[in-house]
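Peer 1: Sequence isn't available, so here's the structure alone:
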């Protein structure tokens, strides 16, 4: 297993993991408005910015 900095080409998989997690877990702890907020917050643009700022890591085989 390898942990590395995410690259722009990883955007789709990172967004999929993030949105799946939010949709599956957050509704158990947050009201619908908060879930929507987090989904909107983790937009393509925000994820791209985090990747550019070396704030996102990904675990790969």
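Peer 2: Arrived safely, thanks for sending. Owing to the predicted nature of the structure, the values given are computational and were not obtained by experimental measurement. Residues are numbered from 1 along each chain as shown.
Peer 1: Every contact and neighbour count from this point should use C-alpha atoms.
Peer 2: Noted.
Peer 1: which SS class is residue 3?
Peer 2: Put simply, residue 3 is strand when judged by DSSP: H, G, I helix; E, B strand; the rest coil.
Peer 1: Would you check how far apart it and residue 48 are?
Peer 2: 18 Å (Cα to Cα, to the nearest Å).
Peer 1: Settle it for me: which of these two has more neighbours?
Peer 2: Counted by other Cα atoms under 10 Å, residue 3 and residue 48 do not tie: residue 48 has more neighbours, with 22 against 10.
Peer 1: quick check, distance from the strand or helix carrying the more buried one to the centre of its chain.
Peer 2: Taking DSSP states H and E as the criterion, residue 48 maps to helix 44-52. Relative to the centre of its chain, helix 44-52 is centred 9 Å away, using Cα atoms, centre = their mean, to the nearest Å.
Peer 1: May I ask you to confirm that residue 37 belongs to a helix?
Peer 2: Yes - using three-state DSSP, the assignment for residue 37 is a helix.
Peer 1: Can you give me the neighbour number for it?
Peer 2: The burial count for residue 37: 10, using other Cα under 10 Å.
Peer 1: re the thing from before, and the contacts of the helix holding residue 48?
Peer 2: For helix 44-52, contacts defined as Cα atoms under 8 Å, 6 or more residues apart in numbering pick out 5, 6, 7, 8, 11, 14, 15, 56.
Peer 1: quick check: angle from the lengthiest helix in the chain to helix 44-52?
Peer 2: If you go by DSSP state H, the chain has its longest helix at helix 11-25. The directions of helix 11-25 and helix 44-52 differ by 110 degrees, with axes from the mean of the first three to the mean of the last three Cα atoms, to 10 degrees as the criterion.
Peer 1: quick one, what contacts residue 55?
Peer 2: Residue 55 neighbours (Cα under 8 Å, 6+ apart): residue 5.
Peer 1: Give me the phi and psi for it.
Peer 2: phi -100, psi 0 (degrees, to the nearest 10).
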